[in-house]
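Asks: Quick one: sequence and predicted model below, then my questions.
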Amino acid sequence: MTKPVWIRHASQLATLAGGSSSPVVGAQMNELSIIEDGSIWLEDGVIRRVGTDEELAFHYRDRAHEAQIIDASGKLVTPGLIDPHTHLVHAGSRQNEFNMRLNGATYMEIMNNGGGIHSTTAATRAATHEELFAQSKHRLDQFLLHGVTTVEAKSGYGLTLEDELKQLEVAKQLHEEHPIDIVSTFMGAHAVPREYKENPEAFVDVVIEEMIPEVARRKLAVFNDVFCERGVFTPEQSRRILEAGVHHGLLPKIHADEIEPYEGAELAASVGAVSADHLLRASDKGIEQMAEAGVIAVLLPGTAFFLMAESANGRKMIDRGVAVAISTDCNPGSSPTVSLPLIMNLGCLKMGMTPAEVLTAATINAAHAIRSGHEVGSLEVGKKADVTIFDVPDFMTLQYRYGINHVNTVIKNGTIVVA
Ligand code: NIG
Ligand code: FE
């Protein structure tokens, strides 16, 4: 039996309480439910009590000696951060393409010339399960050091049934063996592989008829995602792929309106996607339809930054009633980072979000974007004991002192995993 962990005297304990049943929207995104001189008792992997230090000191007066005590004086305590959109499992690296882009080549040009996603696909196909595991585990370790306790992970660099399954099996093993929880997404429709260049429809058929049923049968994914973009998958193909996923019990997600406006937001609303991600070029109509349909916007300002493009308009989406989450998009081409705290900084600086809104977006709304709002994303009794402690006195300072890893302690399932 592990000892209870008692975190005491947090300068701010940002609980994010109250949003477990549905995503947080509008002005509510700016409310963090903060307790000053906060205290939280973690036991058997779950949160047992949250309140002021005075309240907990009284409640646990006879058991205080049993606990491992963490003094959080002068520190900010938040739910473990959640990254709802990553391409965690992949092999290789693309720093050469970064250099090409710095010299003027565009992301899509590189991809259309056989680089980009195709280059990572070649590396991922060539890697063994063990090699993929080792490279991905290293990234996961780095995520943990940045305060992240749950990540979504997509396949999509295999693009054959066998190689897609290999990626998903690696994600499953990481979920089982690593402190971070992984929620898997099948993304066979990440690119049309080179061997189907002349006949993309045939590849769409393979995704629908072979890959989706097998992934669903093996229960290797919760979600099904598609890169709906001019030159990749059309809205019509994307719809077919997402509907096929729904038919097999995989919930829809979509990479929408990233490079060009392509009615991806509208499609997300029409198929009832759990989230639409990127949305740099989403139309006003699409944003309104997302708000109405309750599609969560997963915004990826690190990708816009790294592609030297204008960020999505997070401010407008929140003001129009869309629930916003944010994520690293961790991938080797458009956002090779694991720093969700830096992405939060960019949410403030490039998308007009407030320090409170980006914290909501990286915790409870991120949890909802991966259908986990009932068990993670806020510090409430009964939820998983996933907690991050930052060495800053308040949530404003976490954004103000930007680009610094302020993580002091990470607790996952009630166990201290970063100290
Ligand atoms: O979310 N846009 C498509 N997929 C990833 C990039 C993948 C890659 O370049 O390897 C994204 O940006
Ligand atoms: Fe992505």
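Replies: Sure, I can see it. Ligands and ions are numbered 1, 2, ... in the order given.

Asks: can you pull the contacts of the closest residue to residue 196 other than its chain neighbours?
Replies: Among residues not flanking residue 196 along the chain, residue 203 sits closest, at 3.8 Å (C-beta to C-beta, 6 or more residues apart in numbering). Quick note: C-beta positions are derived from backbone N, CA and C, even for glycine. Going by C-beta atoms under 8 Å, 6 or more residues apart in numbering, residue 203 touches 192-193, 196.

Asks: contacting residues for residue 360?
Replies: 16, 19, 24, 29-30, 32.

Asks: How much space separates it from ligand 1?
Replies: Distance, residue 360 to ligand 1, by C-beta to the nearest ligand atom, to the nearest Å: 22 Å.

Asks: repeat for residue 118
Replies: Distance from residue 118 to ligand 1, by C-beta to the nearest ligand atom: 9 Å.

Asks: my guess is that residue contacts residue 191, does it?
Replies: Yes: applying C-beta atoms under 8 Å, one finds residue 118 in contact with residue 191, separated by 6.6 Å.

Asks: which of those two has more neighbours?
Replies: Remark: of residue 118 and residue 191, residue 191 carries more neighbours, 24 against 20, as counted by other C-beta atoms under 10 Å.

Asks: Leaving out chain neighbours, which residue sits closest to the more buried one?
Replies: Counting by C-beta to C-beta, 6+ apart, residue 191 lies nearest to residue 117, which is 4.2 Å off, once chain neighbours are set aside.

Asks: Just give the number of residues close to the one you found.
Replies: A count of nearby residues for residue 117, using other C-beta under 10 Å, gives 27.

Asks: likewise residue 180?
Replies: 23.

Asks: Looks like residue 365 contacts residue 299 (just checking).
Replies: No: using C-beta under 8 Å as the test, residue 365 is too far from residue 299 to be in contact (10.2 Å).

Asks: overlap in contacts of these two?
Replies: Common neighbours of residue 365 and residue 299 (C-beta under 8 Å, 6+ apart) are 324-325.

Asks: the more surrounded of those two?
Replies: More crowded of residue 365 and residue 299, by other C-beta under 10 Å: residue 299, with 34 against 29.

Asks: Quick check: the gap between the more buried one and ligand 1.
Replies: 12 Å.

Asks: In contact with that residue, which residues?
Replies: By C-beta under 8 Å, 6+ apart, the neighbours of residue 299 are 277-279, 311-312, 314, 317, 324-327, 347, 351, 361.

Asks: thinking again about what came up before, is it possible to get JSON lines of the contacts of residue 360 that adds pLDDT, distance to ligand 1 and neighbour count?
Replies: Shown next, in JSON lines, are the contacts of residue 360 (pLDDT from 0 to 100; distance: C-beta to the nearest ligand atom, whole Å; neighbours: other C-beta atoms under 10 Å):
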{"residue": "16", "pLDDT": "98", "distance to ligand 1": "26", "neighbour count": "25"}
{"residue": "19", "pLDDT": "96", "distance to ligand 1": "26", "neighbour count": "24"}
{"residue": "24", "pLDDT": "98", "distance to ligand 1": "24", "neighbour count": "27"}
{"residue": "29", "pLDDT": "98", "distance to ligand 1": "23", "neighbour count": "23"}
{"residue": "30", "pLDDT": "98", "distance to ligand 1": "28", "neighbour count": "15"}
{"residue": "32", "pLDDT": "98", "distance to ligand 1": "28", "neighbour count": "22"}
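
Asks: Quick one: mean pLDDT over whichever helix or strand residue 122 is part of.
Replies: Element membership of residue 122 [criterion: DSSP states H and E] is helix 117-126. Throughout helix 117-126, pLDDT has a mean value of 98.
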